[in-house]
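Chemist: I need the structure of the sequence given here:
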Amino acid sequence: MPPKILVVGAGGREHALVRALKRSAAAPELLCAPGNPGIAADARLLPVAVDDVAALADAAQGERCDLVVVGPEAPLVAGLADELAQRAIAVFGPSRAAAQLEGSKQYAKQVMEAAGVATARWCAVDDVEAGMAAIESYPVVLKFDGLAAGKGVVIAADEDEARAALAGFLVQRRFGPGRVVVEECLLGEELSLLALCDGVRALPMAPAQDYKRIFDADQGPNTGGMGSYSPVPGVGPEQLAELAVRVHGPIVDLLRRRGTPFQGVLYAGIMLTSDGPKVLEYNVRFGDPETQAVLPRLRSDALEVLSAAARPGGLESVELDFADDWAVTLVLASAGYPGAPRTGDVITGLDDVPDAIEVTHAGTRRRDDGAIVTAGGRVLNVTALAATPARARDAAYAAAQRINFAGRQLRSDIALRAVERTGE
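Modeler: Numbering: from 1, shown residues only. Coordinates of the predicted model:
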């Protein structure tokens, strides 16, 4: 019988994971909880919420799943991997203790310092005035300590913006109770590097760059990500290996020594500064939308490598292989995103996209009449592969223009810097 795999989540990242697993030579039976209309074409959906740890574990046990791949951070921070491990179900994703790397910005900073990983100067505060007093210069980075769906970071340009952000986090409690990390603003080029981890070692994947601001030229508020591309000009195999040793390896080593080994994927947001690479943040799951650009380039069997990472020390003989093609991913966002996304707008043109283009669903639902409508802030991802960044970019934008819904937001400059740097 083919292996049965459950992917937990409902967004574009999970759709990309399902697509990658579907390409496995093992021809696995794929399930997704709760999934979305796009994922429904590639996997059997289970009506279980991503934050219902007990129900997810019950579903995996009842379906006799061979592996559970956890997409979002919230169920990991809530202990889903621990619950599955107790039931002897293999899981790709870290324990509750290890997931605190993303669950708490303060904890992540403390771990970086203990592991000797370079990062920005920082302090944690509990009230607005303490936060203002901690600011040394502008711009300054203010981060909500807990989970905030990628929207808990404000880069304040001046005192007014800083005070407003601190009040939003600490007085209005925009994301609930929690502290704020006040951090120096690093300058340089940002890089996203994911590494598969088996509790002992970290195996770097292909690098990517994403675009966090809502508008062109990196203007406007932060989002969960408006697009990405992979690979990254100037970041070759030797630099990747060095980054993994400096950025991922020390964290994996420290957590193993502490008795909380990290198994799953460790995402590092890195700033390549004039003083060397410094870590902006860690995430304990695949990045979104970086995953949508990285996984289509993966030539290794996704099921084999994720299963290996789920076993302690299982990556010892694994080597990752990526295609030379460039991947460009565009995010189509709803009206009002990232503030108050509008939902319910009918999406047209999905059937007009060429088969060579990968369209992954992020925030969609199917109405009773069969129409696909917007159901979140980031609605769809459009990914194209080509031999050069220019060709991939052109193909992605041509496909995206076939898809429409009222108020659609789409940046026009995704991967433009890759085209400019390579001249291709």
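Chemist: helix, strand or coil for the residue nearest to the spatial centre of the chain?
Modeler: For the chain, the residue nearest the mean C-alpha position is Gly287 (1.5 Å; CA atoms, centre = their mean). Three-state assignment for Gly287 (DSSP: H, G, I helix; E, B strand; the rest coil): coil.
Chemist: same thing with Ala206?
Modeler: Per three-state DSSP, Ala206 ends up coil.
Chemist: pretty sure the residue nearest to the centre of the chain sits against Ile270.
Modeler: No: Gly287 is beyond contact range of Ile270, at 11.9 Å (criterion: CB atoms under 8 Å). (Each C-beta comes from the backbone N, C-alpha and C, glycine too.)
Chemist: count of residues packed around Asp160?
Modeler: 9 (other CB atoms under 10 Å).
Chemist: separation between it and Gly131?
Modeler: Plainly put, Asp160 is 14 Å away from Gly131 if you go by CB to CB, to the nearest Å.
Chemist: now swap in Pro37 and tell me
Modeler: 42 Å.
Chemist: the two: which is more packed in?
Modeler: The neighbour count for Pro37 versus Gly131, taken as other CB under 10 Å, is higher for Gly131 (25 against 19).
Chemist: that's a helix at the more buried one, yeah?
Modeler: Yes: assessed by three-state DSSP, Gly131 belongs to a helix.
Chemist: just the pLDDT at it, thanks.
Modeler: Confidence at Gly131, expressed as pLDDT, is 94.
Chemist: surely it and Val181 touch.
Modeler: No: judged on CB under 8 Å, Gly131 makes no contact with Val181 at a distance of 9.6 Å.
Chemist: shared neighbours, these two?
Modeler: Shared contacts of Gly131 and Val181 (CB atoms under 8 Å, 6 or more residues apart in numbering): Leu142.
Chemist: pLDDT weak spots in the stretch 151-300 of the chain?
Modeler: The stretch 151-300 of the chain contains no residues with pLDDT under 70.
Chemist: how about a cut-off of 80?
Modeler: Scanning the stretch 151-300 of the chain for pLDDT under 80 picks out the ranges 151.
Chemist: residue ranges of the helices in the stretch 301-424 of the chain, please?
Modeler: In the stretch 301-424 of the chain, the helices defined using DSSP state H, counting those that start in this stretch lie at 302-309, 389-400, 416-422.
Chemist: buried sites along the shortest one?
Modeler: Along helix 416-422, the positions that meet the burial threshold by neighbour count (16 or more other CB atoms under 10 Å) are Leu416, Arg417, Ala418, Val419.
Chemist: what of stretch 362-380?
Modeler: Applying 16+ other CB under 10 Å to stretch 362-380 flags 362-365, 372-380 as buried.
Chemist: among those residues, which two are most distant?
Modeler: Farthest-apart pair in the buried residues of stretch 362-380 is Ile372 and Gly377; separation 16.1 Å (CB to CB).
Chemist: list the contacts for the nearest residue to Pro341 once chain neighbours are set aside?
Modeler: Counting by CB to CB, 6 or more residues apart in numbering, Gly377 is the residue found nearest to Pro341 once chain neighbours are left out, at 4.0 Å. When contacts are counted by CB under 8 Å, 6+ apart, Gly377 touches Thr223, Gly224, Ala333, Ser334, Tyr337, Pro338, Pro341, Gly363.
Chemist: measure the last one to Val18 for me?
Modeler: Separation of Gly363 from Val18 (CB to CB): 16 Å.
Chemist: repeat that for the fourth one.
Modeler: Shown here: Ser334 relative to Val18, a distance of 22 Å by CB to CB.
Chemist: so which of the two has more stuff around it?
Modeler: When Ser334 and Val18 are compared for neighbours, Ser334 comes out ahead with 28 against 25, by other CB under 10 Å.
Chemist: and the more buried one, backbone torsions?
Modeler: Note on Ser334: its backbone torsions stand at phi -80, psi 160 [degrees, to the nearest 10].
Chemist: quickly find the element holding Ile251.
Modeler: helix 249-257 (DSSP states H and E).
Chemist: what's that helix in contact with?
Modeler: Contact with helix 249-257 is made by 98, 101, 111-112, 114-117, 197, 199-202, 261-262, 266, 282, as judged by CB under 8 Å, 6+ apart.
Chemist: helix or strand right after it?
Modeler: strand 263-273.
Chemist: relative to helix 249-257, how tilted is that following strand?
Modeler: With axes from the mean of the first three to the mean of the last three CA atoms, to 10 degrees applied, the angle from strand 263-273 to helix 249-257 works out at 140 degrees.
Chemist: list the buried ones in the helix or strand following strand 263-273?
Modeler: Next helix or strand after strand 263-273 toward the C-terminus (DSSP H and E): strand 276-283. Neighbour-count burial for strand 276-283 flags Pro277, Lys278, Val279, Leu280, Glu281, Tyr282, Asn283 (criterion: 16+ other CB under 10 Å).
Chemist: now render those residues as a markdown table, adding distance to Glu424.
Modeler: Putting those into a markdown table (distance: CB to CB, whole Å) gives the following:
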| residue | distance to Glu424 |
| --- | --- |
| Pro277 | 26 |
| Lys278 | 29 |
| Val279 | 30 |
| Leu280 | 28 |
| Glu281 | 31 |
| Tyr282 | 32 |
| Asn283 | 30 |
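Chemist: can you pull out the helices in the stretch 101-250 of the chain?
Modeler: 105-115, 128-134, 159-170, 237-243, 249-257.
Chemist: now the fourth one: how far from the chain's centre is it?
Modeler: This points to helix 237-243. Relative to its chain's centre, helix 237-243 lies at 21 Å (CA atoms, centre = their mean, to the nearest Å).
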